[in-house]
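> Mind folding the following:
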Amino acid sequence: MGRFRALDLRVESKPDLTPVSDADTAVEQAIRATLARARPRDGVLGEEFGHTEAAAGPGSRRWVIDPIDGTKNFVRGVPIWGTLIALLEGEVPVAGLVSAPALGRRWWAARGHGAFAGKHQHAATRIGVSGVGRLSDASFCFASLDGWASVGRLEAIVDLSLSAWRSRAYGDFYGYMLLAEGALDIMVEPELSLWDVAALIPIVTEAGGTITDQTGRPPGDKTAAIATNGLLHETILTALTSPKR
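Below is the predicted model:
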């Protein structure tokens, strides 16, 4: 938060032309330092510094970090950004945390223990997805139109937007957290890296939702992420995989 809207914030472009700020690197370094002390037997994968093997030897656990999800928002002074931390057992995300300090919110979940939201652990509320079962009654969220245009599915997204009760593009982690809270019913993105999605998976699923790629498999690195309240999942998958007109 000390670097949010800071006048001397340093921003550079990565090779993929996405921005990275000095806050991104500082946050990841801080989390890595904590994990090195507290979990020396676990590996770490972070957006800014890549993969690091466990100092005490390879194990089955790996922490996956996105220090600032929503860096474009961060550098423009928009408060919808957050830190994403996931714990993987093998390839399966078993715990996830999303912290959005500019919003004063935090969400977390562990497999088999439910999903929660609040400012901190002692003010936590258990969260759950909606019971909306018809697209015409649903609130539909997507990250961006240009992303879906780049994979040739813009027409399907427009059709879904027009068929839903309401459509908005909240983007990044926030749409998934609103889905987990039952505030909206569908959130879709055409491609995410593992650090973008790993922390979201336990929160969405423990809240009673469903999150897959476009084939119905668990989302992973460089796949789509289709998240729904479960009741609408097949409808959305069908719409996004139907032959182009």
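> how long is stretch 12-20 from one end to the other?
End-to-end span of stretch 12-20 (C-alpha to C-alpha, to the nearest Å): 5 Å.
> Give the rounded mean pLDDT of it.
Averaging pLDDT along stretch 12-20 gives 72.
> ok, and for the lengthiest helix in the chain, which residues are buried?
With secondary structure taken from DSSP state H, the chain has its longest helix at helix 22-38. For helix 22-38, the neighbour count (16 or more other C-beta atoms under 10 Å) marks 23-25, 27-28, 31-32, 35 as buried. In this view, the C-beta of every residue, glycine as well, is placed from N, C-alpha and C.
> Next secondary structure after it?
strand 43-46 (DSSP states H and E).
> quick one: strands adjacent to that next one?
Sheet partners assigned to strand 43-46 using DSSP bridges are listed as strand 50-52 (antiparallel), strand 61-69 (parallel).
> picking that back up, please render the buried residues of helix 22-38 as a markdown table that adds distance to Thr205 and pLDDT to the earlier fields.
Formatted as a markdown table, the buried residues of helix 22-38 follow (distance: C-beta to C-beta, whole Å; pLDDT from 0 to 100):
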| residue | distance to Thr205 | pLDDT |
| --- | --- | --- |
| Ala23 | 30 | 86 |
| Asp24 | 27 | 88 |
| Thr25 | 31 | 90 |
| Val27 | 26 | 93 |
| Glu28 | 25 | 94 |
| Ile31 | 23 | 97 |
| Arg32 | 27 | 96 |
| Leu35 | 24 | 94 |
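> with these in mind, which one is nearest to Ala102?
Using C-beta to C-beta, Ala23 comes nearest to Ala102 of these, at 11.5 Å.
> Spit out the contact partners of that closest one.
With contact taken as C-beta atoms under 8 Å, 6 or more residues apart in numbering, Ala23 is in contact with 3-4, 9, 67-68, 74.
> do the same with Thr125
Applying C-beta under 8 Å, 6+ apart, the residues near Thr125 are 116-118.
> quick one, phi psi at it?
phi -120, psi 130 (degrees, to the nearest 10).
> So it versus Asp213, what's the distance?
30 Å (C-beta to C-beta, to the nearest Å).
> Same check on Val158?
21 Å.
> For those two, work out which one has more neighbours and name it.
Counted by other C-beta atoms under 10 Å, Val158 and Asp213 do not tie: Asp213 has more neighbours, with 18 against 15.
> coming back round to it: can you turn the buried part of the contacts of Ala23 into a ChimeraX selection?
The following ChimeraX line selects those of these that are buried, judged by 16+ other C-beta under 10 Å:
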select :3,4,67,68,74
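> and the residue nearest to Ile68 when sequence neighbours are not counted, what does it touch?
Once flanking residues are discounted, Ile68 sits nearest to Asp24: 4.8 Å by C-beta to C-beta, 6 or more residues apart in numbering. The contact partners of Asp24, by C-beta under 8 Å, 6+ apart, come to 47-48, 67-68, 71.
> Could you list the low-pLDDT ranges of the protein?
15-17, 55-58, 120-122, 245 (pLDDT under 70).
> residue boundaries of the helices in it?
22-38, 71-76, 145-150, 154-163, 172-180, 194-197, 200-206, 233-241.
> Of those, which is nearest Asp137?
Judging those by C-beta to C-beta, what sits closest to Asp137 is helix 154-163, at 10.7 Å.
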